[in-house]
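Here's my sequence, what's the structure:
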Amino acid sequence: MDDHSNGPRRGNPNWVKGVTPAGAKPFQKGQTGNPRGGSRRGRLADLLSQQLSEVVEGDPKQRTAAELVMRALIKEAIKGNVRAAELCLERIDGKMPLPVTAMTPEEAAECLGEMLGVDPKALLE
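Numbers count the residues shown, from 1 in each chain. As a prediction, the model looks like this:
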């Protein structure tokens, strides 16, 4: 092992190769560090899914919450709510990819020059 005295040493100076210090492995072999599994986000999604699949109490047609939510969303889209229309279309066709445009340095200088009121050539120097 060569000595690197040029900079700070990394790691634990008490660590001995081949020996696991006490407390370094708090879980026994085969035991997970996440016993409940999954994430909280996953549990919330499951809860939402469960709630949406339940039949709404008092609905004469015995519709689920999901059916009523979608019906309300469609009604809003028909009234002209653009965001509701976007949500409906995204569920059918998927989200539209956002276009990515790249400018050449000359185009960027022209644009900035216009905004700042300076000569674009001066920005390219």
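
Return the backbone torsion pair for Val55.
Dihedral pair for Val55: phi -70, psi 130, per degrees, to the nearest 10.

hey, what's it bridged with?
Note on Val55: beta-bridge partners by DSSP bridges are Thr64.

The residue nearest the centre of the chain: helix or strand, and which one exactly?
Nearest to the geometric centre of the chain sits Arg41, at 11.4 Å (C-alpha atoms, centre = their mean). Using DSSP states H and E, Arg41 sits in helix 40-53.

Check which helices and strands the next helix or strand after that helix is in contact with.
Counting by DSSP H and E, the next helix or strand C-terminal to helix 40-53 is helix 65-79. Identification of packing neighbours for helix 65-79 by 3 or more C-beta pairs under 8 Å, 6 or more residues apart in numbering; DSSP states H and E yields helix 40-53, helix 82-93. Placement of C-beta: from N, CA and C, glycine included.

Please dump those helices into JSON lines; it should also carry mean pLDDT and distance to Arg63 for every row.
Shown next, in JSON lines, are the helices and strands packed on helix 65-79 (pLDDT from 0 to 100; distance: least, C-beta to C-beta, whole Å):
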{"stretch": "helix 40-53", "mean pLDDT": "86", "distance to Arg63": "11"}
{"stretch": "helix 82-93", "mean pLDDT": "91", "distance to Arg63": "18"}
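
Can you say which of these is packed in most?
Mean neighbours per residue, mean count of other C-beta atoms under 10 Å, is largest over these for helix 82-93, with a mean of 12.

how distant is it from the center of its chain?
With C-alpha atoms, centre = their mean, to the nearest Å as the basis, helix 82-93 stands 20 Å off its chain's centre.

the inter-axis angle of that helix versus helix 65-79?
Relative orientation of helix 82-93 versus helix 65-79 (axes from the mean of the first three to the mean of the last three C-alpha atoms, to 10 degrees): 120 degrees.

Out of the helices and strands packed on helix 65-79, which is closest to Ala24?
When these are compared by C-beta to C-beta, helix 40-53 sits nearest Ala24, at 27.6 Å.

And the closest one, what does it pack against?
helix 65-79.

Distance to Gly23 for the helices and strands packed on helix 65-79 - can I get that in TSV?
Formatted as TSV, these follow (distance: least, C-beta to C-beta, whole Å):
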stretch	distance to Gly23
helix 40-53	27
helix 82-93	49
